[in-house]
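Enquirer: sequence unknown, structure follows:
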């Protein structure tokens, strides 16, 4: 049981670090920060299996989330951001991301 708890704690920390990297990208919009997010996502998708292509949730999510953050002219931007922001489990981090991307959920009830 202790191993399972330790594994879950490591996974939670990795997800939090990944979300913080997305926050950093949202603040800077620097390509280096975006690359860091994608590298972290590849590592997270690859952990637990030898096949790096078997699971691509974090890479796909990172790509879509970062694109929505950076491309303010994207017609589906608000819907995409709303979708990903709702999935951020830490409310303080969620609010920080909303502030960094100047996202207001007006009319969202």
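Expert: Right, received. Where do you want to start? If you're wondering where the values come from, they're calculated on a predicted model, not measured in any experiment. Residues are numbered from 1 along each chain as shown.
Enquirer: only C-alpha atoms for contact and neighbour calcs from this point on.
Expert: Will do.
Enquirer: Would you confirm that residue 68 contacts residue 83?
Expert: No: the pair formed by residue 68 and residue 83 falls short of the contact definition of C-alpha atoms under 8 Å, at 10.8 Å.
Enquirer: Tell me which residue is most central in the protein.
Expert: Nearest to the geometric centre of the chain sits residue 19, at 4.5 Å (C-alpha atoms, centre = their mean).
Enquirer: Quickly find the element holding it.
Expert: Assigned by DSSP states H and E, residue 19 belongs to helix 2-28.
Enquirer: and the helix or strand just after that helix, how far out from the chain's middle?
Expert: Next helix or strand after helix 2-28 toward the C-terminus (DSSP H and E): helix 31-46. Distance of helix 31-46 from the chain centroid (C-alpha atoms, centre = their mean, to the nearest Å) equals 10 Å.
Enquirer: cool, stretch 90-105 as well?
Expert: Remark: stretch 90-105 is offset 12 Å from the chain centroid, using C-alpha atoms, centre = their mean.
Enquirer: swap in stretch 83-98?
Expert: That offset, for stretch 83-98, works out to 9 Å (C-alpha atoms, centre = their mean).
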